[in-house]
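Chemist: my questions concern the predicted model and sequence given below.
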Amino acid sequence: KQEVTQIPAALSVPEGENLVLNCSFTDSAIYNLQWFRQDPGKGLTSLLLIQSSQREQTSGRLNASLDKSSGRSTLYIAASQPGDSATYLCAVDDYKLSFGAGTTVTVRA
Amino acid sequence: IAGITQAPTSQILAAGRRMTLRCTQDMRHNAMYWYRQDLGLGLRLIHYSNTAGTTGKGEVPDGYSVSRANTDDFPLTLASAVPSQTSVYFCASSDGGTSGSGLNEQFFGPGTRLTVL
């Protein structure tokens, strides 16, 4: 059974600092990995999808890397802003999505 | 309609009652999914449908049923609600249909908060 772990569970940084969020998974036979953002009381917003053949994906201030062989992905958010405060979830697709528990980020103004 | 809509937004239900959560998407996606999100347990897949007319069981299907009569709608039914079904329910859809394409990006609805007393 696929196990997805996100460390740390929570993170608080001052505005402007870069964010590094980690995701690890136990079974490397995946099709893709997806990063989501969830605001309190809201649904999930897709941020980035990395196919298993890719090493990274970028969207604006967001960059996600994937090392499938070691079962790791990292989401980098450059120059964080208070609006980046949210819970970030990673999910791996190995015929179905398996989610991590998320990292709750607080960016202090 | 833009994206995925879910109804109701929230509901308080007496145990033993029947309840259907509605989900509609306008993106013509082949695949649709139902998840529940619980504190400390994360998101877990209840049921899925790869295409209209087909459904499958996810990780936690007991006590739930689904149908997929057309592409756009994917209702989730609790035949006889129990307190352990108190949760936030999310519907999602994707264009991939089957995961092998590597392009199975999932898009989520806003959720239904269900409380069973």
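Modeler: Perfect, thanks for sending it.

Chemist: name the residues of chain A found near chain B, please.
Modeler: A:31-32, A:34, A:36, A:42-46, A:49, A:51-53, A:89, A:91, A:93-97, A:99-102 (Cβ under 8 Å from any Cβ of the partner chain). The C-beta positions use only the backbone N, C-alpha and C, and glycine is treated the same way.

Chemist: buried members of those into PyMOL, please.
Modeler: Buried residues within the residues of chain A next to chain B, by 16 or more other Cβ atoms under 10 Å in any protein chain shown, are selected in PyMOL with:
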select buried, chain A and resi 31+32+34+36+43+44+46+49+51+52+89+91+93+94+96+97+99+100+101+102
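
Chemist: first-to-last residue distance for stretch B:77-84?
Modeler: End-to-end span of stretch B:77-84 (Cα to Cα, to the nearest Å): 15 Å.

Chemist: cool, stretch B:62-75 as well?
Modeler: 16 Å.

Chemist: repeat that for stretch B:12-22.
Modeler: Stretch B:12-22: ends 15 Å apart by Cα to Cα.

Chemist: again with stretch B:28-44
Modeler: Termini of stretch B:28-44 sit 24 Å apart (Cα to Cα).

Chemist: buried sites along stretch A:51-69?
Modeler: In stretch A:51-69, counting by 16+ other Cβ under 10 Å, buried: A:51-52, A:57, A:62, A:64-66, A:68.

Chemist: per-residue pLDDT, residue 79?
Modeler: If you meant another chain, say so; for now it's chain A. Per-residue pLDDT puts A:Ala79 at 97.

Chemist: that was the other one, I meant chain B.
Modeler: In this model, B:Ala79 carries a pLDDT of 95.

Chemist: now the helix or strand A:Val20 falls within: mean pLDDT?
Modeler: Assigned by DSSP states H and E, A:Val20 belongs to strand A:19-25. Strand A:19-25 shows a mean pLDDT of 97.

Chemist: by contact count, what packs against it?
Modeler: strand A:4-7, strand A:10-14, strand A:32-38, strand A:72-77, strand A:86-93, strand A:103-108 (3 or more Cβ pairs under 8 Å, 6 or more residues apart in numbering or on different chains; DSSP states H and E).

Chemist: could you check the angle whatever helix or strand comes next after the third one makes with strand A:86-93?
Modeler: Read it as strand A:32-38. Where DSSP H and E defines the elements, the next helix or strand beyond strand A:32-38 is strand A:44-51. Comparing the axes of strand A:44-51 and strand A:86-93 via axes from the mean of the first three to the mean of the last three Cα atoms, to 10 degrees yields an angle of 40 degrees.

Chemist: strands paired with the helix or strand bottoming out on mean pLDDT in chain A, and their directions?
Modeler: Within chain A, confidence by mean pLDDT, DSSP states H and E is lowest for strand A:97-99 among all helices and strands, at a mean of 92. Strand pairing for strand A:97-99, determined by DSSP bridges: strand A:86-93 (antiparallel).

Chemist: buried ones in the strand holding A:Val20?
Modeler: A:19, A:21, A:23-25.

Chemist: and that strand, how far out from the chain middle?
Modeler: 6 Å (Cα atoms, centre = their mean, to the nearest Å).
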